[in-house]
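Novice: okay, here's the prediction I keep looking at, along with the sequence it came from:
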Amino acid sequence: MSILDVIINFMFSFAATFGFSIFFNAPKKSLIPCGIVGGIGWSTYIVMCATNYFSVMFSIVVASAVISLFSEILARKLKYPAINFIIPGILPLVPGLGLYNTMYALVQKDYALSASTGTETLLKSAGIAIGILIITSFTKTYYIILRKMKMRKIQENIDN
């Protein structure tokens, strides 16, 4: 995969994420950052899959973690909830073709293919959720610990 392929993938995922951000009524100030988050997440996934060192599942988990991390950072910088960046950002990763193929196989009464495709799609969706969950949990834990340390410091200053 060349750098041109990565740039093209970034541009199209940026456009898709930007469009979905408008559809979800994201604040105007956050539209471009939402597009960047989606572009970076999709580019991470594409590059990891193209190297053949990582499985598709691991690539999805890492890409969603990257999306979640950038969303948490932008949420603090732009003072918007992180969900404003996460939801549009993960849309390029959502396995829509897998869902379609699962339903198509069900309609065609090919139950073995439907079960196989459905399981793979479900695992990809779980990978997206796990990547977001890991970063969100670490971020919340970090800020809880930070708040407790500040409260302890304030209490020590009051006691002295």
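Specialist: All right, it came through fine.

Novice: not counting sequence-adjacent ones, nearest residue to the residue nearest the centre of the chain?
Specialist: Most central in the chain under CA atoms, centre = their mean is residue 64, positioned 3.3 Å from the mean C-alpha point. Using CB to CB, 6 or more residues apart in numbering and skipping the chain neighbours, the partner closest in space to residue 64 is residue 131 (2.9 Å). For every residue, glycine as well, the C-beta is placed using N, CA and C.

Novice: just give me how far the strand or helix carrying that neighbour sits from the chain centre.
Specialist: Counting by DSSP states H and E, the element that carries residue 131 is helix 111-159. Centroid displacement of helix 111-159 relative to its chain, using CA atoms, centre = their mean, to the nearest Å, is 12 Å.

Novice: so what does that helix touch, helix or strand wise?
Specialist: Packing partners of helix 111-159 (3 or more CB pairs under 8 Å, 6 or more residues apart in numbering; DSSP states H and E): helix 56-78, helix 83-90, helix 96-107.

Novice: CA atoms only: put the last one into PDB for me.
Specialist: Presented in PDB, the C-alpha positions along helix 96-107 are these (Å, rounded to 0.1, in the frame of the first residue of the first chain):
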ATOM      1  CA  GLY A  96     -22.100  -2.700   7.100                       C
ATOM      2  CA  LEU A  97     -21.200  -5.100   4.300                       C
ATOM      3  CA  GLY A  98     -21.000  -8.000   6.700                       C
ATOM      4  CA  LEU A  99     -24.500  -7.200   8.000                       C
ATOM      5  CA  TYR A 100     -25.800  -7.000   4.500                       C
ATOM      6  CA  ASN A 101     -24.100 -10.300   3.500                       C
ATOM      7  CA  THR A 102     -25.500 -12.000   6.600                       C
ATOM      8  CA  MET A 103     -29.000 -10.900   5.800                       C
ATOM      9  CA  TYR A 104     -28.600 -11.800   2.100                       C
ATOM     10  CA  ALA A 105     -27.400 -15.300   3.100                       C
ATOM     11  CA  LEU A 106     -30.400 -15.700   5.400                       C
ATOM     12  CA  VAL A 107     -32.800 -14.700   2.600                       C
END
